[in-house]
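In: Need coordinates for the following:
(one chain, ligands or ions: 1)
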Amino acid sequence: MLQYTGLPPFIILLLLCVLSIRPIRHRFHASFYLGHVLLAILYLPFIFWHSWNLIDSWAYLWATVALWLASWTARFFWKMQPMSLKHEWFVGCPTNITYLPGDMTKIEILAPPSFTYERGQHCFIRMPEVEKWGNHPFSIVSVQDSNNQLTKNDKMGNTLSGPIEKNALHNTTLDEHHKIILYARTYSGFTRALSSHFRSQPSTDTINTTSTLLDGPYGGICRPVERYYDTLVLTAGGSGITACLPWLLSFTTKALSSYDLGMMRRVVLIWTIKKADHFLWIEDHLRNCVQRNQDNANGLNLQMKFHVTMDDDSFRNNQDCIENLFEHQSKDDPGFASRTASAQLASQQTSLDKMVDLGKVTKGRPVLKDLLSEEILEGKTLVIGCGPESFLTDLTNACGGLQKKVLQGEIAELALHTERFGW
Ligand SMILES: Cc1cc2nc3c(=O)[nH]c(=O)nc-3n(C[C@H](O)[C@H](O)[C@H](O)COP(=O)(O)OP(=O)(O)OC[C@H]3O[C@@H](n4cnc5c(N)ncnc54)[C@H](O)[C@@H]3O)c2cc1C
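Out: Numbering: from 1, shown residues only. Presented below is the predicted three-dimensional model:
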């Protein structure tokens, strides 16, 4: 009997493992997710049937059931905002959607006061108007301190500035809510639907409104980074900037508000983008960071380095301009954009001019090993990285190689934290 009853859970376990193999999981994420949950639920009763209280097997199985139910209940009534016990049920959060160049969508959500989060955390969002069942994770770019004072004083503004009427929250006044900002790069499923949904709607403004079911926050770094490290190097590839930006915002906001910055003295951002106009995604945030830092006498040593890797279309016919820009890398050349012929080229160059305003711009992929070696000179450094797989591999290898500086006594510590946009 034991041999036969073991066959169904064995097959289920095999399917759970095989269907979780990375290429399958990535290619068919929605089907993988649904299948995985259903198979896992099915597995448990089959295991009860198979083990049939042999020795004390059921004690372990009932403990598994209890833990599983507890975690689901906690997520349902604590983390999922529309079901949260802390406020009214089934109320979505008013949301503004703005389309940006380079297949990026900015999502501003007015979250309830009970939704508190730390820098570096992410949340899941569901927009029934765009896709009924999908639930997708995105990094929270905006920052909030524990008693919400920083976001309230934040120069970026704490409430939504544009349209907001849609499904406005009932329970508390809108003043008590705070804005969270997410950025979604367009792929083929939910993000594709989101990038096209509102374009087909008649709209008098560039900002579109909808309602979002919020679930989270999750993840993050628990360690108070500023107490352990004096240098923070943020390395991002493309949309991976969403995982690095909250750290930059957090430290420059803290510096402005005279919060304790601990040991932290230096923050370096290294951001690699394919096209110059991708810089426009977060231009305002970066300007705010620089401005805040300049406004504060005890500001950080803040440096930004941008690498533009694929602007061949814009620059192929105008090699002079590129060389000019990358040679000077400064504000010395304000007439740069006006020298170009095509509108597209002008737009890219305007973006480049804006980048030059904030930091150093270099054409081509960065050699991370060399770049980090220049930046990591003494003390304790934390490197935070997020980007495509190959970028993270290079970053990990670069940090691994630089550990010899610790062995040689040149620096005290080099730690690496990477974020991946997928599981
Ligand atoms: C912790 C975390 C934080 C993230 N933060 C951001 C962010 O700030 N900005 C951003 O643009 N993207 C972010 N992502 C990635 C984003 O969640 C996916 O790009 C998005 O879910 C893709 O949706 P889609 O239906 O358009 O994807 P598809 O076109 O179907 O797939 C694109 C890729 O996304 C993966 N994916 C699809 N759905 C999910 C899901 N529900 N959970 C995890 N991975 C999924 C697939 O495996 C595939 O590799 C983050 C992912 C994780 C895990």
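In: Quickly find the element holding K254.
Out: helix 241-256 (DSSP states H and E).
In: What helices and strands are in contact with that helix?
Out: If you count contacts as 3 or more CB pairs under 8 Å, 6 or more residues apart in numbering; DSSP states H and E, helix 241-256 packs onto strand 136-139, strand 178-185, helix 225-228, strand 231-237, strand 266-273, helix 283-295, strand 380-386. C-betas here are computed from N, CA, C, even on glycine.
In: Pick the most buried one from those.
Out: The highest average neighbour count among the helices and strands packed on helix 241-256, using mean count of other CB atoms under 10 Å, belongs to strand 231-237 at a mean of 25.
In: Report the angle between that strand and helix 241-256.
Out: 150 degrees (axes from the mean of the first three to the mean of the last three CA atoms, to 10 degrees).
In: F48: neighbour count?
Out: 17 (other CB atoms under 10 Å).
In: name the element it belongs to?
Out: Going by DSSP H and E, F48 is part of helix 29-51.
In: Next secondary structure after that helix?
Out: helix 57-74.
In: so how many other residues sit close to R265?
Out: Neighbour tally, R265, other CB under 10 Å: 15.
In: Can you show me the CA trace of the helix holding F48 as CSV?
Out: What follows is helix 29-51, C-alpha atoms only, in CSV (Å, rounded to 0.1, in the frame of the first residue of the first chain):
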residue,chain,number,x,y,z
HIS,A,29,5.9,33.1,-15.1
ALA,A,30,2.1,33.5,-14.6
SER,A,31,1.4,29.8,-15.4
PHE,A,32,4.4,28.6,-13.4
TYR,A,33,3.2,30.6,-10.4
LEU,A,34,-0.4,29.4,-10.5
GLY,A,35,0.7,25.8,-11.2
HIS,A,36,3.2,25.9,-8.4
VAL,A,37,0.7,27.0,-5.8
LEU,A,38,-1.9,24.5,-6.9
LEU,A,39,0.6,21.6,-7.0
ALA,A,40,1.9,22.5,-3.5
ILE,A,41,-1.6,22.6,-2.1
LEU,A,42,-2.3,19.2,-3.7
TYR,A,43,0.9,17.7,-2.4
LEU,A,44,0.0,18.0,1.2
PRO,A,45,-3.2,15.8,1.4
PHE,A,46,-1.4,13.1,-0.7
ILE,A,47,1.4,13.1,1.8
PHE,A,48,-1.1,12.7,4.6
TRP,A,49,-2.6,9.7,2.7
HIS,A,50,0.8,8.2,2.0
SER,A,51,2.3,8.5,5.5
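In: Could you give the average pLDDT over it?
Out: Averaging pLDDT along helix 29-51 yields 93.
In: just to revisit the earlier point, distance between the helix holding K254 and the chain's centre?
Out: 12 Å (CA atoms, centre = their mean, to the nearest Å).
In: tell me the angle it makes with strand 266-273.
Out: 150 degrees.
In: and helix 241-256, does that touch the ligand?
Out: Yes: judged by CB under 6 Å from any ligand atom, helix 241-256 comes into contact with the ligand at T242.
In: export that helix as CSV, just CAs?
Out: The C-alpha coordinates for helix 241-256 follow below in CSV (Å, rounded to 0.1, in the frame of the first residue of the first chain):
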residue,chain,number,x,y,z
ILE,A,241,18.2,52.1,-10.8
THR,A,242,14.8,51.7,-9.0
ALA,A,243,16.6,49.5,-6.4
CYS,A,244,19.5,52.0,-5.9
LEU,A,245,17.6,55.3,-6.0
PRO,A,246,15.9,54.9,-2.6
TRP,A,247,19.3,54.8,-1.0
LEU,A,248,20.4,58.0,-2.6
LEU,A,249,17.1,59.7,-1.7
SER,A,250,17.3,58.4,1.8
PHE,A,251,20.8,59.7,2.5
THR,A,252,20.3,63.1,0.9
THR,A,253,17.0,63.5,2.7
LYS,A,254,18.5,62.5,6.0
ALA,A,255,21.4,64.9,5.5
LEU,A,256,19.0,67.8,4.8
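In: what's the closest non-adjacent residue to R192?
Out: T186 (5.6 Å; CB to CB, 6 or more residues apart in numbering).
In: neighbours around the one you found, how many?
Out: T186 has 18 nearby residues by other CB under 10 Å.
In: Relative to the ligand, how far out is it?
Out: 7 Å (CB to the nearest ligand atom, to the nearest Å).
In: Phi first, then psi, for that residue.
Out: When read as degrees, to the nearest 10, the backbone of T186 gives phi -80, psi 120.
In: picking that back up, tilt between the helix holding F48 and helix 57-74?
Out: Using the same axes, to 10 degrees: helix 29-51 against helix 57-74 is 150 degrees.
In: can I see the domain layout of the chain?
Out: Split into domains by automatic domain parsing, the chain comes to 2-78, 93-218, 225-419.
In: Dump those domains into JSON lines; add distance to K86 as well.
Out: Output for these, formatted as JSON lines (distance: least, CB to CB, whole Å):
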{"stretch": "domain 2-78", "distance to K86": "8"}
{"stretch": "domain 93-218", "distance to K86": "4"}
{"stretch": "domain 225-419", "distance to K86": "23"}
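In: Return the member of those having the minimum mean pLDDT.
Out: Looking at the domains of the chain, the weakest mean confidence is domain 93-218, a mean of 76.
In: Now do the end-to-end distance for that one.
Out: End-to-end distance of domain 93-218 (CA to CA, to the nearest Å): 18 Å.
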